[in-house]
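Participant: quick check, what structure comes out for this input:
(chains A and B)
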Amino acid sequence: LIKIGVIGLGKMGLLHSSILNTMQDTKIVAICEKQRIVRSFAKRMLPSINIVGNLEEMASHTIDAYYVTASVGAHYPIIKEVYTLLPSKNIFVEKPLCISSVQSREICEMAVRHSGIPMVGYTKRFSATFKKAHELINSEILGDIVHVTASAFSSDFYGTEKFVLQGYARGGVLRDLGCHAIDLLHWLIGTFTVKTADVRTKSRGRLSYVNEVQTILQFNGSVEGGLTISWCKENYRMPQVDIEVRGTTGKLMVNEYRIELVSGDEKTVMRKNELETGVPFFLGESDYYHEDEVFIDAVRSNKTVDIDFTTACRTDVIIDEIVAKTDVKEAYA
Amino acid sequence: MHKNERLVLVGDNPFHGISHVSQERAAMRGKDVLTPLSATNIVSTALDYGADAFTFTVSDTTLEILKQLKKRGRVPQLYAIVPYAYEYVRLAVALGGIPGLGKRIAKQIIKSGNLSAAWHGIRGILTVDPAEAYKAYVAFEVSRIRAYAGKGSLKCLFLHCVVADMALGLDMDWLFKAHISILESYGIKPGFHTHNFPLFIDRVKKWDIDLDRILITTPFNAIGMQMNPGRQECEKTLRALPCNNVMVFGVLAGGLLQVDAAIEYIKALPHIYGVAFGVSTTEQAKKTFSMISCQ
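Facilitator: Numbers count the residues shown, from 1 in each chain, chains lettered A, B, ... in the order given. So this is what the prediction gives:
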């Protein structure tokens, strides 16, 4: 039986707890939540789970793996505390790893020093369409890659003119939504750097967050690409990442719903529902179940995962690079 | 389809810009379908051509549709779903998170003068009782629907899958029991919206909840889209039910299946209470619902 401790009882904490609770041989033993009122209700809502207020209390329970699902700003101190205070070093962290590459690098060093399975929840890697795109690009069906264009859009803050505290708490659009696109580009295409960046922010007093971004990227030497990120777009009821990869022998377009592959005169469209099958338990998207399944399996068999802290740290480095290209002083970081 | 035995419902997904195939597709439908007036015309046409009822998530858009239908004197049987998670998430963003959202709902409850909701809410907070707080929320949603549509038309209130499935995973039987208890006290059928039909039935049985007392709405279609863990398991569970209490949606698999093929598939399934179809134009409503009425 894999015993799980969840740190942070927000939307993602509930989602992972619910999925993990349905898996065979997996049990949620304790949930740590710092807000007293949330704890009080949680004790009544989830009577079979130990609800605790800090990690010292969590240490009194036998736990095999931790899920860090607190707000992004709290990831760094929590992960550090888990490594120093708690016996198990198997840690799943919701994306992104930290709010700066400096913090992420320190966490990576800690992960190397301690044995255990580290994983970051870049859930789009488990989406049927992006998985298929990864497979197709690796098969070299596109030939040599010549250009890449990507976007990450949502309507979360569409029509919101002013600074919104939620935008700040979520770490700005780069860390909330853009990190998915950056991670997917790393996974699908390879490493890249930021050539130019146009960043728009929202500020109130000393607080500010990134609201929209347009960048030019440099992949593996001469290949250029563009990445646009915004959470103020109209008509994106759900967040969406679109990636277009042009190669010498074909073109591939992918998002959460479909893949379009153009090779010579032939065009093939594959839809999400054709590529994916049902999951034992569906909540939100089937990707979440697959993601948790991979982590639990890695803990059970003590094997590494693709999206570990070191891999995820590359995304935080790119985010810092984007912000550094501007004169924006991002207070959050 | 056995029209006399099974309820035919018009659904509201297109009115919210929802497509299970892609967002582009939803956007391509245009903004017309999102206006309450054009949506009301679509619902009215569906009713003209054989739909018996309207199923919808409770939002400003659908409440406005109810208002328009009431004005026209033709409110059908209503099968509502709460909460409309998307609207609440957007509100939470605008109001500064969950505390802001909670304050807004509390204010609305007070403003509505709904004593039952206020009583449950105060009791829930004072005694830290989530079941009471949940009852306050349901009382509020019921009063919103009744204010727009009149008292007698709301037949069933489903708990949305975002909450129902999360609670299912966490074994929160108290939430299911609170939902049943508050709705039965209003004379409204309690319902649950799920994407995990076999697991749902398994848990409900474990919790000693009588299946006769509830309705379940869940996807069923010939290609198994959104049927978890799979089409075969869902069909097997359906066959084993003791009563006709499943209202199916997603039968057209987001437009990937033709109406006649979808009807053929559903006709062969047992224990179906009703079938919901989403349509995004009056033309589509005429075509779809007249085709269903003929079969």
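Participant: next to chain A, which bits of the stretch 101-250 of chain B? Give me the list.
Facilitator: Counting by C-beta under 8 Å from any C-beta of the partner chain, the positions of the stretch 101-250 of chain B adjacent to chain A are B:128-130, B:133, B:162, B:165-172, B:174-175, B:195-196, B:199, B:223-231, B:233. Yep, even glycine has a C-beta here, placed from its N, CA and C like the rest.
Participant: just the helices in the stretch 51-200 of chain B please.
Facilitator: Taking DSSP state H, counting those that start in this stretch, the helices of the stretch 51-200 of chain B run over residues B:60-71, B:85-95, B:98-112, B:115-126, B:130-149, B:161-169, B:173-185, B:197-206.
Participant: and the stretch 151-300 of chain A, which residues reach chain B?
Facilitator: Within the stretch 151-300 of chain A, the positions lying close to chain B (C-beta under 8 Å from any C-beta) are A:156-157, A:160, A:164-167, A:169, A:235-238, A:240, A:255, A:257-258, A:271, A:273, A:277-284, A:286.
Participant: burial count for the residue in chain B that chain A sits nearest to?
Facilitator: As assessed by C-beta to the nearest C-beta, chain A sits closest to residue B:169 within chain B, at 3.1 Å. Using other C-beta atoms under 10 Å in any protein chain shown, residue B:169 has 25 other residues around it.
Participant: quick one: neighbours of residue A:242, just the number.
Facilitator: Residue A:242 - counted by other C-beta under 10 Å - has 17 other residues nearby.
Participant: swap that for residue B:60, please
Facilitator: Applying other C-beta under 10 Å, we find 11 residues neighbouring residue B:60.
Participant: tell me who's in contact with it.
Facilitator: Contacts of residue B:60 were listed using C-beta atoms under 8 Å, 6 or more residues apart in numbering or on different chains, and they are residue B:87.
Participant: please compute how far the helix or strand hosting residue B:238 lies from its chain's middle.
Facilitator: Taking DSSP states H and E as the criterion, the element that holds residue B:238 is helix B:231-239. Using C-alpha atoms, centre = their mean, to the nearest Å, the distance from the centre of helix B:231-239 to the centre of the chain it belongs to is 21 Å.
Participant: check which residues of it are buried.
Facilitator: By neighbour count, and taking 16 or more other C-beta atoms under 10 Å in any protein chain shown as the criterion, the buried residues in helix B:231-239 are B:231, B:233-235, B:237-238.
Participant: I'd like to know which elements that helix is packed against.
Facilitator: Taking 3 or more C-beta pairs under 8 Å, 6 or more residues apart in numbering or on different chains; DSSP states H and E as the contact definition, the neighbouring helices and strands of helix B:231-239 are helix B:197-206.
Participant: list the contacts of the helix it packs on.
Facilitator: Here helix B:197-206 has contacts from A:22, A:281, B:164, B:168, B:171, B:173, B:176, B:192, B:194, B:211, B:214, B:216, B:218, B:227-229, B:233-234, B:236-238, B:240-241, B:246, using C-beta under 8 Å, 6+ apart.
Participant: let's see it at 7 Å
Facilitator: Outside helix B:197-206, the residues that touch it by C-beta atoms under 7 Å, 6 or more residues apart in numbering or on different chains are A:22, A:281, B:168, B:192, B:194, B:211, B:216, B:218, B:229, B:233-234, B:237.
Participant: pLDDT value on the residue nearest the centre of chain B, please?
Facilitator: Centroid check for chain B by C-alpha atoms, centre = their mean gives residue B:81 as the closest residue, at 3.3 Å. Per-residue confidence (pLDDT) for residue B:81: 96.
Participant: show the contacting residues for it.
Facilitator: B:56-57, B:158, B:160, B:193.
Participant: same check on residue A:52?
Facilitator: A:30, A:32, A:58.
Participant: pretty sure the last one is touching residue A:31, no?
Facilitator: No - in terms of C-beta atoms under 7 Å, residue A:58 does not count as a neighbour of residue A:31; the distance is 8.9 Å.
Participant: in terms of neighbours, single out the busier of those two.
Facilitator: Counting neighbours by other C-beta under 10 Å for residue A:58 and for residue A:31 shows that residue A:31 has the greater number, 26 against 23.
Participant: what backbone torsions are found at that one?
Facilitator: With angles defined as degrees, to the nearest 10, residue A:31 sits at phi -130, psi 130.
Participant: ok, now residue B:59?
Facilitator: Note on residue B:59: its backbone torsions stand at phi -150, psi 170 [degrees, to the nearest 10].
Participant: tell me how many other residues crowd the residue nearest to it when sequence neighbours are not counted.
Facilitator: For residue B:59, the nearest residue in space outside its immediate sequence neighbours is residue B:84; the separation is 4.4 Å by C-beta to C-beta, 6 or more residues apart in numbering or on different chains. Summarising burial for residue B:84: neighbours were counted as other C-beta under 10 Å, giving 23.
Participant: chain A: strands as residue ranges?
Facilitator: Per DSSP state E, chain A carries strands over the ranges A:2-7, A:26-32, A:50-52, A:65-68, A:91-94, A:118-121, A:145-153, A:192-204, A:207-219, A:223-230, A:240-247, A:251-254, A:258-263, A:266-271.
Participant: okay, the ones you listed, which one's buried deepest?
Facilitator: Neighbour counts (mean count of other C-beta atoms under 10 Å in any protein chain shown) averaged over each of these peak at strand A:118-121, with a mean of 27.
Participant: element containing residue B:274, please.
Facilitator: For residue B:274, the element it lies in under DSSP H and E is strand B:272-278.
Participant: rewinding a little: so can I have TSV of the strands of chain A showing mean pLDDT and distance to residue A:105?
Facilitator: Rendered in TSV, the data for the strands of chain A read as follows (pLDDT from 0 to 100; distance: least, C-beta to C-beta, whole Å):
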stretch	mean pLDDT	distance to residue A:105
strand A:2-7	98	21
strand A:26-32	97	25
strand A:50-52	98	30
strand A:65-68	98	17
strand A:91-94	98	15
strand A:118-121	98	13
strand A:145-153	97	24
strand A:192-204	92	17
strand A:207-219	93	21
strand A:223-230	96	23
strand A:240-247	97	25
strand A:251-254	98	30
strand A:258-263	96	34
strand A:266-271	94	38
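Participant: need the ones you listed in JSON lines (columns: distance to residue B:180).
Facilitator: Shown next, in JSON lines, are these (distance: least, C-beta to C-beta, whole Å):
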{"stretch": "strand A:2-7", "distance to residue B:180": "28"}
{"stretch": "strand A:26-32", "distance to residue B:180": "25"}
{"stretch": "strand A:50-52", "distance to residue B:180": "26"}
{"stretch": "strand A:65-68", "distance to residue B:180": "31"}
{"stretch": "strand A:91-94", "distance to residue B:180": "34"}
{"stretch": "strand A:118-121", "distance to residue B:180": "35"}
{"stretch": "strand A:145-153", "distance to residue B:180": "40"}
{"stretch": "strand A:192-204", "distance to residue B:180": "44"}
{"stretch": "strand A:207-219", "distance to residue B:180": "43"}
{"stretch": "strand A:223-230", "distance to residue B:180": "43"}
{"stretch": "strand A:240-247", "distance to residue B:180": "37"}
{"stretch": "strand A:251-254", "distance to residue B:180": "43"}
{"stretch": "strand A:258-263", "distance to residue B:180": "40"}
{"stretch": "strand A:266-271", "distance to residue B:180": "38"}
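Participant: if we can go back for a sec, from the contacts of helix B:197-206, which is closest to residue A:117?
Facilitator: Nearest to residue A:117 among the contacts of helix B:197-206, counting by C-beta to C-beta, is residue A:22 at 20.8 Å.
Participant: contacting residues for that closest one?
Facilitator: Under the criterion of C-beta under 7 Å, 6+ apart, the neighbours of residue A:22 are A:280-281, B:169, B:199.
Participant: tell me which two of those sit farthest apart.
Facilitator: Looking at the contacts of residue A:22 by C-beta to C-beta, the two members farthest from one another are A:280 and B:169, with 10.7 Å of separation.
Participant: with adjacent residues omitted, what lies nearest to residue A:322?
Facilitator: Counting by C-beta to C-beta, 6+ apart, residue A:322 lies nearest to residue A:197, which is 4.5 Å off, once chain neighbours are set aside.
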